[in-house]
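*Asks:* model the structure of this input:
(2 chains)
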Amino acid sequence: MKVNYNWLSEWVDIDLEPHDLADILDHLGIEVEELDLTGSDAIFTLEITPNRPDLLSIQGLSREIAAKTDKRLKKVIDYPLTVEKKQNKEFELTVKIESKEDCARYVASIIDEIEICPSPPIISGRLEKCGIRSRNNVIDITNYVQIEIGHPLHAFDYDRIGNEIIVRRAKNGETIITLEGEEKALTNSDLVIADNRKPIAIAGIMGGEASGICESTRTIVLESAFFNPTLIRKTSKRLKLSTESSYRFERKADIGILKNDSAYAIYLLKKYANGRLVSPIIDTNPDPELHREVLFSYEKANKLLGKNVKKEEVDQIFSKLALQKRGNDNHPKILIPSFRRDIEIEEDLTEEIGRFIGYDNIQTKFGYKNESPIFLEGKELLAIKKIMPSLGFSEAINIPFIEPSWAEIQGKNPVELKNPLWSDKSILRTTLLPGLLLSLKRNLNRGKERVDIFEIGRVFTLDSEEEEMIAAVVAGEIPASWYKERHPVDFYDLKGVVETLLEKLNIQQYKFSECKDNLYKKERTLSLVINNEPIGCFGLLSQDICKVDTFGFEFNLYKLLSGLEEKIRYSGIYRYPPIKRDLSIVIDERKPYVNLENIIKEAINNDVQIELIDVYRDATIGKDKKSITVRLELYHPEKTLTDEEVENDIKNVIKKLSELGAHLRK
Amino acid sequence: MKLDLLKENVEKEIKEATTAEELEKIRIKYLGRKGELTKILHSIGDLPKGERPAIGKAANRLNAKLSGLIFGKKRSFEESKTLQWKDLSLPGRKPYIGTLHPLSILYQETIDIFIEMGFSIVLGPQIETEYYNFTALNTPADHPARDLQDTFYLKDGRLLRTQTSPVQIRTLEKHTPPIRVISPGRCYRVDTFDPLHSPAFMQIEGLWVDRNVSMADLFGTLKIFARKIFGEDRKIEFLPSYFPFTEPSADLWIQCSLCGGKGCSVCKNKGRIETLGCGMVHPNILKNMGYPEFTGFAFGIGLERIAMIKYNINDMRLFYQNDLQFLSQFNESKL
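*Replies:* The predicted structure follows:
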């Protein structure tokens, strides 16, 4: 909401520069979003919290400023109402309220001899500063009073409505064309103002075109009412129609101000539109319940604030805020005026004390009792998160909305958004890969030659709700530098990452098996199996997002960690140096290396470590054959092995190799 | 004794030698075939039988020590002569490593601060119900406070949590006060994706429920947090605010680092920047959960916002674009 300094000054003496006034407002919890000092008058853009509809007005803001700066309000809204009977014309109007629940009070008055013209500068200028476009004197005056006093008013053209006003629920199927010229279909949950034929306004939200003020208007009906906030809000939401008026009504208006509010408008209408009040004011609830009582305890308030505020100081704050004390000091009751709808319980009063003494005057403390945390959920995520950068991966965080086609590829039941922000990304992610792929693509496009990124986060499906996952993608070329040649990232780069990750997490019991996930190309992908359960795949991704071979993995994080061995099993170190032997073995192209490794391990009686040195193919080896060179390191825990012992092992290896159809290369 | 004197002399000569040639001369003089120490070793047989073992041992030890000294020093001369010149200014071979996301780093820094203060960590679901996200948090349907948080709804009627506060309710359902927990995680609001907004963001919720917890405790706790994150010298202020689930409510503001509090365009001339929201748990919530005799405080830290203020980042979208150029500027040295 926008308000200007000069208007406020009309209500309260402000001996402060606009900048200092802004600071005072900030400290009252009335946030000044912007202070415009470019014109002759300072304009404040305020963010009013939803609990304080009273502050959506010059009057309400002035009350706060006066209370904070020890001033009195200069202006009081109390204008006499004089009916100016006309000889030749009778004005008839009745008001019928269908339900007091829906409309607790309705004040109507008839003003005649209206002369529609542009507003004087005092009105139009101020409205403009508050961000409201000037229309004509009558409409402007209703808006002017709304800004100054805070209560919405509405004006009907008396000659365009019947002589009956009915506040009722709309009938299903009824429609109204609004002031903005839009037709709205109404239902029984909408409150309308109707004449004896049809709705003439959507209550508290917007008037109808047919009953509105126009150039030829001579007589008006001025409405000041109190509508059920929930009803107004529901209709406003449903019709997607939010106005200055609905905004105030749905936050609860001040039921006590209705008559004074009308009187002020009538005064202005006389002054600027030649209006004459020609009938007694109609008021359906002339004596509404104005005050609410809230029990209060000085002691409890101080306990909650953590500060000893003296009784006298509290009393002073309350009296400045028009909060009257009743009863004795031990069990006082505080009378809350009708414009402070937000104060319902004693903690609300405690907040008033806090606001006015200033939060900065509460001496801070920390009751550090040296207690340790009892549980630390999610702690394990950090352990794995910290390993990934050491494997070359940078962490990405993506917004978890994706295109439904991903879930289709996966064959998963996605969680769909009713109101997606981006219409194509209408489901919650069922995999972390799409986000990572987009990030990867962005980096490649920006000239990175190689990108390794990972993400830890949740995926969502209807079947298993929320699952914590870890995923990583890598693509591009490992760039050349002055000491090494470039080479494209391939499957084994990623496999090495997975193996090292498992090693670092101390996961020893795992298997690799075939991949059945459509997000990957099966020929270049394996699935990781822990505790007999596939927990995800790693390999070449099937979706060609980046126009370059992209490798990736995605594992269910808690299933991965279920394979983690808490205990570290230390098995001693070898004190005697190993004997090393290199073997070049010729084997069928299609025989997996891992079989060879297993055979060697079986054949050797001593402890052995096997390292793959080379895979080689050429004509001399033979068609569909490959030569695999491995380095064996043979250990004995208690001695250095003799040549003879080693030779025996090697002989065994050669014998076993023949079972695989393999032999040593000559 | 003669050996001691000899040792002293030789060590002095070795020390003073400046070339390999000089060292060789010293070697010949003392350890050569006719060298002084060699002579002593040869003449041990002439000594009385009782003295032979001790002197022999000492002489042999000295022989070994001196030849070691001479050899070592000679080699150092030779090495410096033979090592090729290399351009040591060439860049080193760097291991290829990645980095954690700045939000992750800040997340960890933040929860470490609270763990040290005795807060436990609890996690909660991101898909929530109306009840946990709003109703139980004193925000019934059609409450204008719902305007503060535009919500993503799911087709099945549930919603994406707009704040981590539902965990307050879940925690109070499971545990009896006193409770001191923080609950980090992602939250969602229907916001445009622009420099100041993101539809998904990270929040860290704090909750302390006990007998007689006060605003002074709340402010004290958050001051410790803010000082540790932003440094000791930035002014911290608490200003009144409004949240439906706290009463009284406050916002923590921190001195603007760009202007040092004087006021600039970044802080809209306030000299301070709104940093996080907090307050005393609304009594309606405690009453509904069955703990009317307790009080408590709660706060919600928006990590993106904290990171933007801490590192002077002007566009929130950078956190979700994952540009390696951006990511690599943060490091985990504080973890």
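*Asks:* give me the contact status of the helix or strand containing B:Arg180 with chain A.
*Replies:* Using DSSP states H and E, B:Arg180 maps to strand B:179-188. Yes: on the criterion CB under 8 Å from any CB of the partner chain, strand B:179-188 is in touch with chain A at B:Arg180, B:Pro184, B:Arg186. In this view, the C-beta of every residue, glycine as well, is placed from N, C-alpha and C.
*Asks:* now that strand, how far from the chain's geometric center?
*Replies:* 20 Å (CA atoms, centre = their mean, to the nearest Å).
*Asks:* equivalent analysis for stretch A:57-65, please.
*Replies:* Centre to centre, stretch against its chain (CA atoms, centre = their mean), the figure for stretch A:57-65 is 31 Å.
*Asks:* sheet partners, orientation included, of the strand holding B:Arg180?
*Replies:* Paired strands of strand B:179-188, with direction, are strand B:120-121 (parallel), strand B:200-210 (antiparallel) (DSSP bridges).
*Asks:* if we can go back for a sec, dump the residues of strand B:179-188 next to chain A into TSV; add neighbour count as well.
*Replies:* Below are the residues of strand B:179-188 next to chain A laid out as TSV (neighbours: other CB atoms under 10 Å in any protein chain shown):
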residue	neighbour count
B:Arg180	22
B:Pro184	24
B:Arg186	18
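*Asks:* export the residues you listed to JSON lines and tack on pLDDT?
*Replies:* Converted to JSON lines, these look like this (pLDDT from 0 to 100):
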{"residue": "B:Arg180", "pLDDT": "93"}
{"residue": "B:Pro184", "pLDDT": "94"}
{"residue": "B:Arg186", "pLDDT": "95"}
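*Asks:* let me know the closest of those to A:Arg276.
*Replies:* B:Arg186 (62.6 Å; CB to CB).
*Asks:* shouldn't that closest one be in contact with B:Pro199?
*Replies:* No: using CB atoms under 8 Å, B:Arg186 is not in contact with B:Pro199; the gap is 10.5 Å.
*Asks:* picking that back up, output the strands paired with strand B:179-188 in TSV; the columns should cover mean neighbour count, distance to A:Phe226 and mean pLDDT.
*Replies:* TSV is the format used below for those (neighbours: other CB atoms under 10 Å in any protein chain shown; distance: least, CB to CB, whole Å; pLDDT from 0 to 100):
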stretch	mean neighbour count	distance to A:Phe226	mean pLDDT
strand B:120-121	20	48	94
strand B:200-210	23	38	95
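*Asks:* A:Asn419: which of these is closest?
*Replies:* Among the strands paired with strand B:179-188, the nearest to A:Asn419 by CB to CB is strand B:200-210 (14.3 Å).
*Asks:* dump the closest one to PDB, restricted to CA.
*Replies:* C-alpha atoms of strand B:200-210 as PDB (Å, rounded to 0.1, in the frame of the first residue of the first chain):
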ATOM      1  CA  ALA B 200      11.900 -24.500  -4.700                       C
ATOM      2  CA  PHE B 201      14.100 -23.400  -1.900                       C
ATOM      3  CA  MET B 202      16.000 -24.700   1.100                       C
ATOM      4  CA  GLN B 203      14.800 -23.900   4.600                       C
ATOM      5  CA  ILE B 204      16.100 -24.700   8.000                       C
ATOM      6  CA  GLU B 205      13.400 -24.700  10.700                       C
ATOM      7  CA  GLY B 206      14.300 -24.400  14.400                       C
ATOM      8  CA  LEU B 207      12.100 -25.300  17.300                       C
ATOM      9  CA  TRP B 208      12.700 -25.100  21.000                       C
ATOM     10  CA  VAL B 209       9.800 -26.000  23.300                       C
ATOM     11  CA  ASP B 210      10.400 -26.000  27.100                       C
END
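*Asks:* from memory A:Leu376 sits against B:Val122, does it?
*Replies:* No: when contacts are counted by CB under 8 Å, A:Leu376 is not listed as touching B:Val122 (9.1 Å).
*Asks:* so between the two, which is more surrounded?
*Replies:* B:Val122 (25 against 15; other CB atoms under 10 Å in any protein chain shown).
*Asks:* can you pull the contacts of B:Ile224?
*Replies:* A:Phe366, B:Ile113, B:Met117 (CB atoms under 8 Å, 6 or more residues apart in numbering or on different chains).
*Asks:* now the helix or strand containing it: buried residues?
*Replies:* B:Ile224 is part of helix B:215-230, with elements assigned from DSSP H and E. Residues of helix B:215-230 classed as buried by neighbour count (16 or more other CB atoms under 10 Å in any protein chain shown): B:215-226, B:229-230.
*Asks:* what about the helix or strand bottoming out on mean pLDDT in chain A, near chain B?
*Replies:* Within chain A, no helix or strand scores below strand A:487-488, which has a mean of 83 by mean pLDDT, DSSP states H and E. No: taking CB under 8 Å from any CB as the criterion, strand A:487-488 and chain B are apart, separated by no less than 12.8 Å.
*Asks:* now for that strand, which elements pack on it?
*Replies:* Where contact means 3 or more CB pairs under 8 Å, 6 or more residues apart in numbering or on different chains; DSSP states H and E, strand A:487-488 is packed against strand A:465-478.
*Asks:* does chain B have contacts with the strand it packs on?
*Replies:* Yes: using CB under 8 Å from any CB, strand A:465-478 reaches chain B at A:Glu465, A:Glu466, A:Ile478.
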